[in-house]
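Visitor: Sequence first, then the predicted structure, then my questions.
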Amino acid sequence: MKKIIWLLIGVVCIFWCTRIYWVNQEKREIELYHMGEMISYEPLIVTATEACLLDSRSFEERFKVATDTIPGLEADKSSYQIIGVCLLLENNGKNLITWEEIERSIGVGFEAVVWRNGMDPYLGSAINQNKGEGIGPGMAQEIWYMTTINRSSFKENSWLHHEEQTFYFVTSLYPHKKWIELKLGKE
Amino acid sequence: MKIVIFECRRAFREKSFRISLLLSSMLVLTDLHLFWSEFGTSPNKVVIQAWIGTDYMYACNSLFYVLLPVFACLPYAGSYFADCKSGYDKNICVRVSRMEYFWGKVSSVFLTGFCAVAFPLILNLFLVAGLFPNHSVEKLEFLAAAIKDSHLFSLLFYQKPHLYALIFILIDGLIGGLMGLISLSVTKACSTLFSAVMIPFLIYIVTGVLFQSSTESGHLSLMEMANPMQSYVTTAQKLIGTYLVVLLVTMCTTYIQAKGRDIL
């Protein structure tokens, strides 16, 4: 009787191992883009033109905005840096694309190997100058998407070298992931 | 060596070992059932989200890691107390030396504690691996354990999640074994079998709560170190150091008690 039970357990285990193998055969669909490549969200076309990783002082000099006025940023300016990507949004359609529609379609957040953060809307609203209700047909506009990288997320050694990591901007997750490999500096 | 094999055979045949496995397995299967009921047909769910060690969505993870010493001590940790009380150890020590009996007891208690904790975690991982793919977790869904670079094995969590799970199963098994040894070391101070089995649980919970700290330097909670969710940041040195200190104290206490005990 015991032998039969052990045999049954063995058969079930072999079946389950086969199942594990087949479950892992399905590959996840991911689209990776690079700076300058066009990503289609018809009728919206998205192109990453520039990416930057700045400390607080460089951010203030570059964008002429005081970080003290932006809600949610740490008081200790050495405890974070700001990563951003400039996207060129082009409307190839015949109708206006509103900013709400753009927000729903693109812009999930940033990630690296062991780090991720969603977009910071306060940083974006501090430096983006939106014109009107959206992007008209045939028109284009550049928008910055930004977030903070906090020192507390890293070990001391990793923080000293975190700029050497490859960062990505994820434009959308569904129905499958689309993300852009960021090259820090202008295209 | 023979006494080690004898004690281990005795330990793994105990009814209490099967009861411990049954209870812990029921808990992990409950977690799996809850996860499958909610996310079974959902795309993008992966092994490291569904495995009980890193499944933060239900209470099963917290319950398992709070009850870890109970699962570890239930099988055989009270056997030393029972042997001393019934006089069974005298029968053993006629054939082998006191210290051989001591090592046999330590080995068997450690092994049963290790297996009682590791087996349900491995079972859960095995089952989950057949239901969900072993891909890296989608970080920006924010539906996984918030493992950052400052946490232990963060790179493994994102790149080889199954290895992350296996490493923590090993760590948890070792902590389970340690809980059994703590029970051995306090046996002499206990008046009942129940207290011999439950005192490690009490120590685990009290120190687990007292030594929690949000700062890396202050965190010494073994309860939090055991949990793969890593709610508090710790370092490998702290984990190994805490483990070795507790192991040393329990082994020394048990050894002194065993050496000093006049069995025959």
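Guide: Arrived safely, thanks for sending.

Visitor: Residue B:132 - that's part of a strand, no?
Guide: No - if the criterion is DSSP: H, G, I helix; E, B strand; the rest coil, then residue B:132 is coil and not within a strand.

Visitor: burial count for it?
Guide: 24 (other Cβ atoms under 10 Å in any protein chain shown). For the C-beta atoms, the positions are set from N, CA and C on the backbone; glycine is no exception.

Visitor: For residue A:21, see how far away it is.
Guide: The span separating residue B:132 from residue A:21 equals 14 Å under the rule Cβ to Cβ, to the nearest Å.

Visitor: try residue B:204
Guide: Residue B:204 sits 39 Å away from residue A:21, taking Cβ to Cβ as the criterion.

Visitor: Residue B:32 now?
Guide: Taking Cβ to Cβ, one finds residue B:32 at 20 Å from residue A:21.

Visitor: between the two, who's got more neighbours?
Guide: residue B:32 (21 against 11).

Visitor: and that one, what helix or strand is that in?
Guide: Under the criterion of DSSP states H and E, residue B:32 resides in helix B:15-39.

Visitor: tally of neighbours for the closest residue to residue B:2 other than its chain neighbours?
Guide: Excluding the flanking residues, the one nearest residue B:2 by Cβ to Cβ, 6 or more residues apart in numbering or on different chains is residue B:96, at 7.7 Å. By other Cβ under 10 Å, the residues close to residue B:96 number 15.

Visitor: my read: residue B:96 touches residue B:5, true?
Guide: No - using Cβ atoms under 8 Å, residue B:96 makes no contact with residue B:5, being 11.8 Å away.

Visitor: Helices of chain A, start to end?
Guide: A:2-23, A:56-63, A:99-105, A:121-127, A:156-160 (DSSP state H).

Visitor: Without its sequence neighbours, what residue ends up closest to the closest residue to chain B within chain A?
Guide: Nearest residue of chain A to chain B: residue A:116, at 3.7 Å (Cβ to the nearest Cβ). Leaving aside its chain neighbours, residue A:116 sits nearest to residue B:139 (3.7 Å; criterion: Cβ to Cβ, 6+ apart).

Visitor: pLDDT score assigned to the one you found?
Guide: Residue B:139 is assigned a predicted lDDT (pLDDT) of 90.

Visitor: Low-confidence bits of chain A, can you list those?
Guide: Where chain A drops to pLDDT under 70, the residues are A:130-131, A:185-187.

Visitor: Could you report the pLDDT at the nearest residue to residue B:220 once chain neighbours are set aside?
Guide: Leaving out its chain neighbours, the residue that sits closest to residue B:220 by Cβ to Cβ, 6+ apart is residue B:211, at 4.0 Å. Looking at residue B:211, its pLDDT is 82.

Visitor: Looks like residue B:211 contacts residue B:221 (just checking).
Guide: Yes - proximity of residue B:211 to residue B:221 meets the contact threshold set by Cβ under 8 Å, at 4.4 Å.

Visitor: Those two: who's more crowded?
Guide: Higher neighbour count among residue B:211 and residue B:221: residue B:221, with 21 against 17, using other Cβ under 10 Å.

Visitor: Correct me if wrong: that one contacts residue B:208.
Guide: Yes - using Cβ under 8 Å, residue B:221 makes contact with residue B:208 at a distance of 4.7 Å.

Visitor: Touching both of the two, which residues are there?
Guide: Here residue B:221 and residue B:208 have no joint contacts, going by Cβ atoms under 8 Å, 6 or more residues apart in numbering or on different chains.

Visitor: ok, now how distant is residue B:258 from residue B:188?
Guide: 10 Å.

Visitor: Mutual contacts of these two, please.
Guide: With Cβ under 8 Å, 6+ apart, residue B:258 and residue B:188 have no common neighbours.

Visitor: What is the neighbour count of residue 2?
Guide: Reading this off chain A. Close neighbours of residue A:2, defined as other Cβ under 10 Å, add up to 6.

Visitor: Let me rephrase: I mean chain B.
Guide: Residue B:2 has 10 nearby residues by other Cβ under 10 Å.

Visitor: Backbone torsions only: list them for it.
Guide: phi -60, psi -40 (degrees, to the nearest 10).

Visitor: Could you do residue B:77 as well?
Guide: Per degrees, to the nearest 10, the backbone of residue B:77 is at phi -70, psi -30.

Visitor: Sticking with the nearest residue to it once chain neighbours are set aside, tell me its helix or strand.
Guide: Distances taken as Cβ to Cβ, 6+ apart put residue B:183 closest to residue B:77, at 3.5 Å, once the chain neighbours are dropped. Residue B:183 is located in helix B:161-186, with elements delineated by DSSP H and E.

Visitor: buried stuff in that helix?
Guide: Residues of helix B:161-186 classed as buried under the neighbour-count rule (16 or more other Cβ atoms under 10 Å in any protein chain shown) are B:161-162, B:164-169, B:171-186.

Visitor: any residues touching the helix or strand just after it, and which ones?
Guide: Per DSSP H and E, helix B:161-186 leads on to helix B:193-210 as the next helix or strand towards the C-terminus. With contact meaning Cβ under 8 Å, 6+ apart, helix B:193-210 is reached by B:66-70, B:72-74, B:77-78, B:80-82, B:85, B:179-180, B:182-183, B:186-187, B:190, B:220-224.

Visitor: circling back: and the residue nearest to residue A:116, what does it touch?
Guide: Residue B:139 neighbours (Cβ under 8 Å, 6+ apart): A:111, A:116, B:158.

Visitor: Filter those residues down to the ones in strands?
Guide: With strands taken from DSSP state E, the overlap with these comprises A:111, A:116.

Visitor: What is the nearest of the contacts of residue B:139 to residue B:151?
Guide: Residue B:151 lies nearest to residue B:158 out of the contacts of residue B:139, by Cβ to Cβ, at 10.8 Å.

Visitor: quick one, what contacts the nearest residue in space to the closest one that is not next to it in sequence?
Guide: Nearest residue to residue B:158 in three dimensions, chain neighbours excluded: residue B:136, at 5.2 Å (Cβ to Cβ, 6+ apart). Contacts of residue B:136 were listed using Cβ under 8 Å, 6+ apart, and they are B:46, B:158, B:159, B:161.

Visitor: Ok, residue B:23 next?
Guide: With Cβ under 8 Å, 6+ apart, residue B:23 has these contacts: B:71, B:74.

Visitor: Sweet, I'm off.
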